[in-house]
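Novice: pasted the sequence and its predicted model underneath.
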Amino acid sequence: MTAIVFIHGTGVREPGFTALVGRVAAGLAAVRDGLRIVPYYWGATHGATLGAGGASLPAGPGGTSRGLSEGPAGVDGDDAETAAWAALYADPYAELALAAAGTPPAREQPPGSVPPVQALQARLAALVAQGDLFVNELGPGLARAAIDLSAHPLLGPAADALDAGDLAALAARSLTARVIADALDADLPLVPPGGTRDVVADRLAEALGAPPRGTERGLRSFLLRSAGSAATRAVVRRRRALTEAGHPMAGDILRYLSRGDAVRTGLRTLVAGLEPPVVLVGHSLGGIIALDALISAPLPQVRLLVTAGSQGPFLYESGSLPSLEHPAPLPDHVPDWLNLYDHRDLLSYVGAGLFPGRVTDVPVDSRQPFPAAHSAYWTNPAVYRHIADRLP
């Protein structure tokens, strides 16, 4: 029986780790029977902590951050749409604010008619009644997001500015972005791929009163017009929250690079107790840990190394990989290496040019913007198919 040792990446802690391992196990079981999943949870013992309770964090927001360029001019198709979703992840209400800013002068409603905002609020209440299972592909949080959106002070002005279809679609994108953004804030690396996100957003839009998909309703143009200015405002406003969220991840990397012997020893000890064949599957920093452990001394049980969203090649080329300094070659005892990367994941790198004939780089596309792309590997079925194709 092949043993799959899964090594998580930066910032992962419980309960997120258990959920992540469960998702990886399910993904592998869907493409190959008879696998044994062995988790290596190094975060609890070897992960970074803020020993002084966060005394080093800034007291509040300051400075400015450069967001997306003003508007999507010159950006093609998927990249422009990805940029727009990035803006919504940073601020799920950004598009709502832009719509509200274009509110026309108040006009008298026909007698007996229901104001647009009340019609949408009634549909949001119906979503709340159905609960999170209506979009279980995204995980928990829909009901809370629908309650908050229904009470948002800009919902009424936005409803006056848009027709019912565009309003429903805008609300659906806001809800979808809010649930995903909350998962990212919780460091839960189970972000769905862009295709799943889009299907969920369309389902929500129809539930909120939009025409079925295929009927022209001007969704894409309104979303893309929103991307640039929304991102700039949102990043500035959320600077502290983004900084705090990044500290566990940055801390894990710095701690590993300065005191990584213990985590590598723990992995080697775990592998030594397993029957071959063994496959090491590492995400992000987990891939670096696996690579370093394999380079430092032979692990004959291991027949395949799989890395996803890994910085290992970059650390090697920059002279920062603890176990091997460029231009030294990869030792012969290192097994076959499958390296999965996403061109939108700015933390993923390729290794074939550095180790010719020793690394197979395979692109996967989650259709998610960064940083969501870095967390979307384990909900992408293509990742598991590529792994299954190379399992011993």
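Specialist: Okay, I see it. Numbering: from 1, shown residues only.
Novice: where in this structure is pLDDT low?
Specialist: 50, 53-54, 56-79, 102-113, 187-189, 214-249 (pLDDT under 70).
Novice: can you give me the strands for it?
Specialist: Ranges of strands in the chain, per DSSP state E, are 3-7, 36-40, 278-283, 302-308, 336-341, 359-363.
Novice: just name the most buried of these.
Specialist: strand 278-283 (a mean of 26; mean count of other C-beta atoms under 10 Å). Quick note: C-beta positions are derived from backbone N, CA and C, even for glycine.
Novice: other SSEs contacting it?
Specialist: strand 3-7, helix 261-272, helix 285-296, strand 302-308 (3 or more C-beta pairs under 8 Å, 6 or more residues apart in numbering; DSSP states H and E).
Novice: out of these, flag the one nearest residue 49.
Specialist: Closest approach to residue 49 among these (C-beta to C-beta): helix 261-272, 14.3 Å.
Novice: that older thread, with distance to residue 89 added, can I get the strands of the chain in CSV?
Specialist: Formatted as CSV, the strands of the chain follow (distance: least, C-beta to C-beta, whole Å):
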stretch, distance to residue 89
strand 3-7, 26
strand 36-40, 28
strand 278-283, 20
strand 302-308, 21
strand 336-341, 21
strand 359-363, 22
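Novice: ok so, going back, quick one: which of the helices and strands packed on strand 278-283 is nearest residue 172?
Specialist: strand 302-308 (29.9 Å).
Novice: show me what the closest one is packed up against.
Specialist: For strand 302-308, the packing partners by 3+ C-beta pairs under 8 Å, 6+ apart are strand 278-283, helix 285-296, strand 336-341, helix 381-390.
Novice: quick one: strands adjacent to that strand?
Specialist: Using DSSP bridges, the strands paired with strand 302-308 in its sheet are strand 278-283 (parallel), strand 336-341 (parallel).
Novice: what ranges does the stretch 101-250 of the chain have for its helices?
Specialist: 116-130, 142-150, 155-161, 164-185, 194-207, 219-237, 239-259 (DSSP state H, counting those that start in this stretch).
Novice: ok so, going back, residue 166: which of the helices and strands packed on strand 278-283 is closest?
Specialist: strand 302-308 (37.5 Å).
Novice: just the helices of the stretch 101-250 of the chain: most buried one?
Specialist: Buried most deeply of the helices of the stretch 101-250 of the chain, by mean count of other C-beta under 10 Å, is helix 164-185, with a mean of 23.
Novice: and that helix with helix 116-130, angle?
Specialist: Here the directions of helix 164-185 and helix 116-130 differ by 50 degrees (axes from the mean of the first three to the mean of the last three C-alpha atoms, to 10 degrees).
Novice: follow-up on the earlier one: now the helices of the stretch 101-250 of the chain in TSV, with distance to residue 385?
Specialist: Shown next, in TSV, are the helices of the stretch 101-250 of the chain (distance: least, C-beta to C-beta, whole Å):
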stretch	distance to residue 385
helix 116-130	33
helix 142-150	29
helix 155-161	42
helix 164-185	24
helix 194-207	15
helix 219-237	30
helix 239-259	28
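Novice: can you pull the phi/psi pair for residue 323?
Specialist: phi -90, psi -20 (degrees, to the nearest 10).
Novice: that one: how many residues sit nearby?
Specialist: 20 (other C-beta atoms under 10 Å).
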